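[1] After the sequence you'll find the predicted model.
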Amino acid sequence: AQRVTQPEKLLSVFKGAPVELKCNYSYSGSPELFWYVQYSRQRLQLLLRHISRESIKGFTADLNKGETSFHLKKPFAQEEDSAMYYCALGEGDYGQNFVFGPGTRLSVLP
Amino acid sequence: NAGVTQTPKFQVLKTGQSMTLQCAQDMNHEYMSWYRQDPGMGLRLIHYSVGAGITDQGEVPNGYNVSRSTTEDFPLRLLSAAPSQTSVYFCASSETSYEQYFGPGTRLTVT
């Protein structure tokens, strides 16, 4: 069974609309959760991690242990946000094993 | 810094052929890993290494071998290519293991 699920393969929103990319996880310990983003023709790169509680490019994500969720949100989507987004769970003694979700392709329409 | 580099960018193999995908990093990171990316499945961990001389299997290790003789290099070997290994392969490295730096990927097609 997948330990990181992202229920939407594709999410389309209009520019300026709020966006929420869903992520749910299954993990018995204290999870280390991340969002990675892959823009067209670029490398996969870290967007944000839950332990830093920072906002990157206007995106935030809150870890909800009760609902085992780590949804990614942005109040006003921009066209440049169009990309593939992956939720990931770090596990292992050093957090060295990453389990990625299947990804959600975000398309921001003009 | 070049970061994480991978060669080749593209490769076509026939079933049964062997090859090595190269990965190098110049950030002196201890941790390196290999993933494959398939549509609808995200990235799946093939093998990883927590330092020179230390490797271990990930989620989908069958058909692949790795070694880590230096901190910089972490090659991935396909022993006998199969069509099921058609995929995009990513190498990554990290210092703390919590922020992984990815290479540009190698697109492999096995016919």
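    Sure, I can see it.

[2] Can you report how many residues neighbour residue B:53?
    Neighbour count of residue B:53, defined by other CB atoms under 10 Å in any protein chain shown: 10. Yep, even glycine has a C-beta here, placed from its N, CA and C like the rest.

[3] Hmm, I typed the wrong one, I wanted residue B:72.
    For residue B:72, the tally of surrounding residues (other CB under 10 Å) stands at 16.

[4] contacting residues for residue 82?
    Using chain A. Taking CB atoms under 8 Å, 6 or more residues apart in numbering or on different chains, we find residue A:82 in contact with A:39, A:40, A:106, A:107, A:108.

[5] other chain: chain B
    Counting by CB under 8 Å, 6+ apart, residue B:82 touches B:15, B:63, B:110.

[6] give me phi/psi at residue B:83?
    phi -60, psi -30 (degrees, to the nearest 10).

[7] quick one: strands adjacent to the lowest-mean-pLDDT helix or strand in chain A?
    Of all helical and strand segments in chain A, the minimum by mean pLDDT, DSSP states H and E falls on strand A:97-100, at a mean of 84. Strand A:97-100 has the following strand partners under DSSP bridges: strand A:83-91 (antiparallel).

[8] Other residues contacting the partner strand?
    Here strand A:83-91 has contacts from A:3-4, A:6, A:21, A:23, A:25, A:27, A:29, A:31-40, A:44, A:47, A:70, A:72, A:96-101, A:103-106, B:42-43, B:97-98, using CB under 8 Å, 6+ apart.

[9] Pull out the buried members of those residues.
    Taking 16 or more other CB atoms under 10 Å in any protein chain shown as the criterion, what is buried in these is A:4, A:6, A:21, A:23, A:25, A:27, A:31-38, A:44, A:47, A:70, A:72, A:96-101, A:103-104, A:106, B:42-43, B:97-98.

[10] Residue B:48 and residue B:5, how far apart?
    The span separating residue B:48 from residue B:5 equals 18 Å under the rule CB to CB, to the nearest Å.
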